[in-house]
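> Got a sequence here, can you model it:
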Amino acid sequence: MMTASCLVNPLSGYETELKLEPVAPENKIKVAVVGGGCAGLAASCAAAERGHDVTLFEASQEIGGQFNFAKVVPGKEEFHETIKYFNSRLVLSGVDLKLNTTVTAEELIAGGYDRVVVATGVTPRVPNIPGIDHSKVMLYSDVLGGAPVHGKSVAVIGAGGIGFDVAEYLTHDTSHAATSLDTTAFMKEWGVDMSNTTRGGLLEPVDSLPAREVFLLQRKKGALGTGLGKTTGWIHRATLRKKAVKMLSGVEYVKVDDAGLHIKVHPKKSGPAIEQILDVDHVVVCAGQESVTGIMEPLKSAGVPAFEIGGAEHGAFRWGACAIPDYSNSTLPYPDSRRAGRKARNRPGYAPGGSDRDSRGRRCFQPAHPIRRRLRAQRPQVVGPQLLMRAPDFLRTYHHEVGSTSSASMGSHRDTWHTGRHRDPRCTWTGETCV
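Next up is the predicted model:
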């Protein structure tokens, strides 16, 4: 089971285990971080606070990366404060920030950097749908980036976290502030009696009209929003229901043309698909992300030690997600869904009643010896928002429960992952946070 931690501060909950200690002056190195999203910001600050000489390159005019999209979603305005926090931390830690700078691999090689951290993030994935280049089609980055959305009907392709946020953004009337910023309006919307004169302190909720009609579409069958946060997912689903968002699952996307979005809706069980044409003014694509890693190969070819972190490594972003575990080196599939848990019950060594948590904190199975030991030996271990065994050496710090062993200089520690009793060395670095 994973211990709770903080969205922004990876040390929260791990103060006695994780340390960022200053390096000796003779071990100071020159570090370049490419990308000013949350992963790049955290890595830059962590390296600079240890005493390294850090330069952060950001192609746009402001830091924040994907957080700049998330912060405009109603109810997530506090993400503005996260970006303010990182702006202040960059100044305090002495990071040399270069905005509006698209750095190339050749420039990094010529710069003589000892380490390069590639945090170039993600780009929206464009699905292969006939007519995807139609004028009706927009990417979520266009919508949340401020592009005007004309018309009163929109279809959203993709019902993940970003799809839900985009749907909520599209239903909001921008002529007035979101109810999340107005206490009176929020309590009225959810039927809360602040005077506490009614029984239970409850009133009849007063729903506001949505700004436009929204269709939220999902390719897989089943309920929408099952992958949202345990404690907040129900809020997002309830909010969209209050805004009369039409949610469809089992959708096959046929094409986009002047008539709108052509789809086939497959029933949850058996039966023929039902063809529909959604007469919408816009189709917004929220179909995942792809990593931006164009500079990695030239750096490796030139012998420059380079590390991919955040979306550049994992190719997926969840608003507010601290880390995405990497099981790519595992020969045994680690369970990441209830379906995997059910299948595991047929495996030898399954422990009935056992429990574990997957990467989203959902309960799944805990295999008993010897499967448990094999899984642990073949996949990285998650400690809060950190990923073990993935840290650049200039950011790693080891700390054991007994006989603390930490390294203030890069390259002088020992990797004890497969040696001794310590199978979980608590190796950490803040570059993997908030990807």
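> partner strands of the one helix or strand Leu261 maps to, parallel or antiparallel?
Assigned by DSSP states H and E, Leu261 falls within strand 260-265. Paired neighbours of strand 260-265 in the sheet (DSSP bridges): strand 251-257 (antiparallel), strand 274-278 (antiparallel).
> got JSON lines for the ones you listed, with distance to Ala287 too?
Quick note: C-beta positions are derived from backbone N, CA and C, even for glycine. Converted to JSON lines, the strands paired with strand 260-265 look like this (distance: least, Cβ to Cβ, whole Å):
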{"stretch": "strand 251-257", "distance to Ala287": "9"}
{"stretch": "strand 274-278", "distance to Ala287": "16"}
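> Same list, these, but as CSV with distance to Asp96 and mean pLDDT please.
Below are those laid out as CSV (distance: least, Cβ to Cβ, whole Å; pLDDT from 0 to 100):
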stretch, distance to Asp96, mean pLDDT
strand 251-257, 45, 97
strand 274-278, 49, 96
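> highest average neighbour count across the ones you listed?
Ranked by mean neighbour count, the strands paired with strand 260-265 are led by strand 251-257 with a mean of 19 (mean count of other Cβ atoms under 10 Å).
> quick one: the helices in this structure?
38-49, 67-70, 79-93, 105-110, 140-144, 161-171, 183-190, 233-242, 296-301, 311-314, 338-344, 371-378 (DSSP state H).
> Looking at these, which is nearest to Ile132?
helix 140-144 (13.5 Å; Cβ to Cβ).
> first vs last residue of stretch 269-286, how far apart are they?
Start and end residues of stretch 269-286 are separated by 26 Å (Cα to Cα, to the nearest Å).
> next one: stretch 183-202
Using Cα to Cα, one end of stretch 183-202 lies 15 Å from the other.
> now stretch 102-121
13 Å.
> now that stretch, how far from the centre of its chain.
24 Å (Cα atoms, centre = their mean, to the nearest Å).
> Buried residues in it, which are they?
Using 16 or more other Cβ atoms under 10 Å as the burial criterion, the residues of stretch 102-121 that qualify are Val103, Ala105, Leu108, Ile109, Tyr113, Arg115, Val116, Val117, Val118, Ala119, Thr120, Gly121.
> likewise stretch 185-193?
Buried residues in stretch 185-193 (16+ other Cβ under 10 Å): Ala185, Met187, Lys188, Glu189, Trp190.
> for the residue nearest to the third one when sequence neighbours are not counted, what are its contacts?
Sequence neighbours aside, Val206 is the residue nearest to Lys188 in space, at 5.1 Å (criterion: Cβ to Cβ, 6 or more residues apart in numbering). Remark: with contacts taken as Cβ atoms under 8 Å, 6 or more residues apart in numbering, Val206 is in contact with Lys188, Glu189, Gly191.
> Output the strand holding Leu261 as PDB, nothing but the C-alphas.
This file holds the C-alpha atoms of strand 260-265, laid out as PDB (Å, rounded to 0.1, in the frame of the first residue of the first chain):
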ATOM      1  CA  GLY A 260     -20.800  16.400 -37.800                       C
ATOM      2  CA  LEU A 261     -19.200  13.400 -36.100                       C
ATOM      3  CA  HIS A 262     -20.300  10.000 -37.400                       C
ATOM      4  CA  ILE A 263     -20.200   7.300 -34.800                       C
ATOM      5  CA  LYS A 264     -21.300   3.700 -34.100                       C
ATOM      6  CA  VAL A 265     -22.400   3.000 -30.500                       C
END
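> who's in contact with Gly311?
With the criterion set at Cβ under 8 Å, 6+ apart, Gly311 makes contact with 37, 39, 65-66, 119-122, 289, 291-292, 317, 435.
> most neighbours, which of those residues?
Taking other Cβ atoms under 10 Å to define a neighbour, the member of those with the most is Ala39, carrying 32 neighbours.
> Tell me, how many residues neighbour the closest residue to that residue other than its chain neighbours?
Closest residue to Ala39 apart from its sequence neighbours, by Cβ to Cβ, 6+ apart: Gly310 at 2.7 Å. Per other Cβ under 10 Å, the neighbour tally for Gly310 reads 32.
> and what of Gly225?
By other Cβ under 10 Å, the residues close to Gly225 number 19.
> ok, now Leu181?
Leu181: 12 neighbours (other Cβ under 10 Å).
> Let me see the confidence value for the nearest residue to it once chain neighbours are set aside.
Ranked by Cβ to Cβ, 6+ apart and with sequence neighbours excluded, the top spatial neighbour of Leu181 is Glu77, at 6.4 Å. pLDDT, Glu77: 92.
> Ramachandran angles for Glu77?
Main-chain torsions, Glu77, degrees, to the nearest 10: phi -70, psi -20.
> contacting residues around Gly75?
Here Gly75 is in contact with Glu168, Ala178, Ser180, Thr239 (criterion: Cβ under 8 Å, 6+ apart).
> The same query, at a cut-off of 7 Å, please.
Residues near Gly75 by Cβ atoms under 7 Å, 6 or more residues apart in numbering: Ala178, Ser180.
> Could you report the separation of it from Cys45?
For Gly75, the distance to Cys45 equals 27 Å [Cβ to Cβ, to the nearest Å].
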